[in-house]
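**Student:** I'd like to go over a predicted model; first the sequence, then the structure.
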Amino acid sequence: MPPDNSGAESPRRKLGLLRDQFQLVKRKDCDRYEIVPIQDPLSFEKGFFVVICACQLLAQKNDGIILVGVAGPSGARKTVFIEKVLNFMPSIAVISMDNYNDASRIIDGNFDDPRLTEL
């Protein structure tokens, strides 16, 4: 008998194919859906696949804007990743936090210090 994947409260199961690991759940506080995070480390290419699939699933289920955040330390290839997503989905908008960093306030060469960000 195949496993029951319908329970949003159940722990994530390893289902083989990455696309079969997505769990779409309805939020309790509104009429929107979200994707349950995949906790396993993903390669650049698998991460790209996950983001594209998640955006497509969420766009089918939700009205309005879908916001996706990409975080990581300096040199983690966030910009390269987002440029690849943008090439695949040209209708998205990108808000780069690099535009809000004050490089004149760098402390000990640490570009990741949150005090550099002007919000």
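**Tutor:** Everything's here; your move.
**Student:** Now do the helices in this structure.
**Tutor:** Under the criterion DSSP state H, the chain contains helices at 44-61, 78-88.
**Student:** Mean neighbour count added to those, as TSV?
**Tutor:** Glycine gets a C-beta too; all of them are placed from N, C-alpha and C. Written out in TSV, the entries for those read as follows (neighbours: other Cβ atoms under 10 Å):
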stretch	mean neighbour count
helix 44-61	15
helix 78-88	14
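**Student:** Rebuild those helices as TSV, extending it with distance to residue 103 and mean pLDDT.
**Tutor:** What follows is the helices of the chain, written out as TSV (distance: least, Cβ to Cβ, whole Å; pLDDT from 0 to 100):
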stretch	distance to residue 103	mean pLDDT
helix 44-61	27	90
helix 78-88	16	91
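**Student:** Of all the ones you listed, which one is nearest residue 96?
**Tutor:** Each of the helices of the chain was scored for nearness to residue 96 using Cβ to Cβ, and the closest is helix 78-88 (7.6 Å).
**Student:** I'd like to know which elements that closest one is packed against.
**Tutor:** Helices and strands touching helix 78-88, as assessed by 3 or more Cβ pairs under 8 Å, 6 or more residues apart in numbering; DSSP states H and E, comprise helix 44-61.
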